[in-house]
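Trainee: got a structure for you, letters missing:
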């Protein structure tokens, strides 16, 4: 087996692998042709996977091509590609590469930010936000998450947040658009909050869903980092770019904050060639982003229409998930009943027992949700 | 752009991507056909990259095929594939999946092990070992690495290591085969040491290069984990499997140790679909491992012969790197002179100013090293 032979073997294998994979494009095709056994990657045939905020239309063709090219060199540790992606990101925002750090998803960076904060004090957040990474301070017994009481409108009350920043608070975390509500904070109000709050504590703005909004740049606080404010912005390739399984995200912050977080494990060391290549190929792929944004909008309209038809309401989402008000129904029971219809969604968040999050998957899968909805509501009534 | 269209576009792109990549198999071909611009992934054309312990013959054909299949589902977070790989590893060693944790390379797990130890006490190691991850205790100011004085033979003195375990030591770390020496500890002596030492402190055996040795199973202390001893064994897909850039490694330990380390960031969350798929496809690919082991042996013989011809000696390596005694020459100057010949190797390790590490790359690249050797020695004499 020489190297050339192995490459040739690979080319043969590649073609058949791709043929098999290409069949799995639409769930209807999947259900008709694929064996019933659950696959190792992605959802099982016939299952509408709407329980994670993934974009199933990704990876884009450009990303897949880049993955294959880079994986040929998968024997080598990443190096130049790290600076390439950091430079692309920095350049777009008028920053330098030392304002940027890459990680395995934005969760790597968010976790490091939480640990750094935990060693100094507590983390302040609204009642509902994407707190999976912030919880590390409680897991490691180094701090606590202070949560503001839930609001009637479900919007984040920035005035209350600002007032709650006392000496015990090292970091304020805002997910914007928020998860699981899907709601966006008014950009001017968010900017004002960040400028004021960052004088009292580090502000962490988790903008994982920014690119799904209609005017992402206007909704971002990255320009405030350029202005020198103590704000950390988290972004990810897991959402609109459709690369959740490829694990690439990044933080933008003051260089001294980046250096501080790198002490706690974040950095390029965990990055993989395939993910980096996909991210580099996807970063400015506006054709794919527009395509995905439109698919998400179409899906949201389908869900809102179905909810309305059956007398339910939901929060106004600008993202690829919708937080549905089930009235007096229990969200965990609803999740279980939906699962019987092969529709996977989320159960209860904290004490929001009658709120249910559904993500926008393939349109066929969203249709499966809208068709299951009346059946499940009937069974639960 | 429908999903089916995007898949078809991808198939077209794939073929051309593969054609380009397939040309890069041997460095001589690369030098003749590739543009001089440095690629983002892997070494530049004409460069003999022998400064990291990578296996350039990877990823194997099976791994590349699996990467492409899994990357089609790169939009989804990993899930079942994590348990699949953990089960494969556990089954092979007669353990349960809760004895295994996966990470982005073994460095993720080694780092977590170091942090856990650092919160309890110090880390004890020989003078030279792969200490990149252990250093996290010093970076985070939570502990120190105690190093035993270097030995004349360059072998790890296990008796001295055992005697040095006092109350301040929380973990003893042994890289076996060791890096940068390439030397293996006698298996019976290593087992005896692990059993005794693990009664006084956690023993971390970093077996990154185990699969490169002639009888890997006999050289491993994984069976001691099955026997219930407090030993953590680190393994990786970065070395013989040729997947350094795909970032998959694992630890094998008692379930309570695994749980403890998971508090400090290690776990499946940073894993990527492509890397997991490659690891699953590679784990029992003995054809590729035998092929790689033989290439490494051939390369080692070429290096040893060249060294002997020019009056130099080196340590007896069982791995894919050799630690060369440069006599009265400086290893950093030697590295710089080799770089002028387009051969990349390592410089000085700690106070071993006249020792130089060279890794086994493509045979053509190793030949570039052996041809550059007399030129560089002449210039330095």
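Mentor: Structure's in. What do you need? Here the structure is a predicted model, which is why all the values come from computation and not from measurement.

Trainee: list, one by one, the residues from the stretch 201-350 of chain A near chain B.
Mentor: A:238, A:242-247, A:263-265, A:269-275, A:277-278, A:280, A:287-288, A:291 (CB under 8 Å from any CB of the partner chain). For the C-beta atoms, the positions are set from N, CA and C on the backbone; glycine is no exception.

Trainee: any stretches of the stretch 1-150 of chain A with poor pLDDT?
Mentor: Applying pLDDT under 70 to the stretch 1-150 of chain A flags the ranges A:1-37.

Trainee: one more pass at 50, please.
Mentor: Applying pLDDT under 50 to the stretch 1-150 of chain A flags the ranges A:1-32, A:34.

Trainee: quickly list what residue A:231 is bridged to.
Mentor: residue A:203 (DSSP bridges).

Trainee: show me how to select, in ChimeraX, the buried members of the residues of the stretch 201-350 of chain A next to chain B.
Mentor: If you want just the buried ones from these in ChimeraX, going by 16 or more other CB atoms under 10 Å in any protein chain shown, the selection is:
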select /A:238,242,243,244,245,246,247,263,264,265,269,270,271,272,273,274,275,277,278,280,288,291
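
Trainee: quick one: which of the residues of the stretch 201-350 of chain A next to chain B sit in helices?
Mentor: Per DSSP state H, helices hold the following members of those: A:273, A:274, A:275, A:277, A:278, A:280, A:287, A:288, A:291.

Trainee: okay if I get those residues as TSV plus distance to residue A:319?
Mentor: TSV is the format used below for these (distance: CB to CB, whole Å):
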residue	distance to residue A:319
A:273	30
A:274	26
A:275	22
A:277	26
A:278	21
A:280	24
A:287	20
A:288	17
A:291	16
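
Trainee: where exactly do the strands run in the stretch 101-250 of chain A?
Mentor: With strands called from DSSP state E, counting those that start in this stretch, the stretch 101-250 of chain A shows them at A:122-125, A:145-147, A:169-175, A:202-206, A:231-236, A:249-252.

Trainee: okay, the ones you listed in TSV with distance to residue A:96 next?
Mentor: Shown next, in TSV, are those (distance: least, CB to CB, whole Å):
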stretch	distance to residue A:96
strand A:122-125	28
strand A:145-147	32
strand A:169-175	23
strand A:202-206	20
strand A:231-236	15
strand A:249-252	11
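
Trainee: now render those strands as JSON lines, adding mean neighbour count.
Mentor: Putting these into JSON lines (neighbours: other CB atoms under 10 Å in any protein chain shown) gives the following:
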{"stretch": "strand A:122-125", "mean neighbour count": "25"}
{"stretch": "strand A:145-147", "mean neighbour count": "17"}
{"stretch": "strand A:169-175", "mean neighbour count": "24"}
{"stretch": "strand A:202-206", "mean neighbour count": "27"}
{"stretch": "strand A:231-236", "mean neighbour count": "26"}
{"stretch": "strand A:249-252", "mean neighbour count": "25"}
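
Trainee: out of these, nearest to residue B:135?
Mentor: strand A:249-252 (22.5 Å; CB to CB).

Trainee: note down every partner strand of that closest one and its orientation.
Mentor: strand A:100-103 (antiparallel), strand A:231-236 (antiparallel).

Trainee: can you say which of these is nearest to residue B:192?
Mentor: Comparing those by CB to CB, strand A:100-103 comes nearest, at 41.2 Å.

Trainee: who touches the closest one?
Mentor: Strand A:100-103 is contacted from outside by A:82, A:85-86, A:89-90, A:109, A:112, A:248-253, A:258, A:261-262, A:266-268, A:270-271, A:276, using CB atoms under 8 Å, 6 or more residues apart in numbering or on different chains.

Trainee: residue A:161 against residue A:200, yeah?
Mentor: No. Residue A:161 is beyond contact range of residue A:200, at 10.9 Å (criterion: CB atoms under 8 Å).

Trainee: more crowded one of the two?
Mentor: Higher neighbour count among residue A:161 and residue A:200: residue A:161, with 20 against 14, using other CB atoms under 10 Å in any protein chain shown.

Trainee: could you measure the more buried one against residue B:216, distance?
Mentor: 56 Å (CB to CB, to the nearest Å).

Trainee: please apply the same query to residue A:262.
Mentor: Distance from residue A:262 to residue B:216, by CB to CB: 35 Å.

Trainee: list the contacts of residue A:224.
Mentor: Neighbours of residue A:224 in contact, by CB under 8 Å, 6+ apart: A:191, A:194, A:195, A:198, A:231.

Trainee: from those, which two are the most distant?
Mentor: The widest separation within the contacts of residue A:224 (CB to CB) is 10.8 Å, between A:191 and A:198.

Trainee: the helix or strand where residue A:371 lies: how far from the chain's middle?
Mentor: Assigned by DSSP states H and E, residue A:371 belongs to helix A:363-380. How far helix A:363-380 lies from its chain's middle: 25 Å, per CA atoms, centre = their mean, to the nearest Å.

Trainee: try stretch A:43-59
Mentor: For stretch A:43-59 - counting by CA atoms, centre = their mean - the centre lies 14 Å from the chain centre.

Trainee: start to end distance for that stretch?
Mentor: 15 Å (CA to CA, to the nearest Å).
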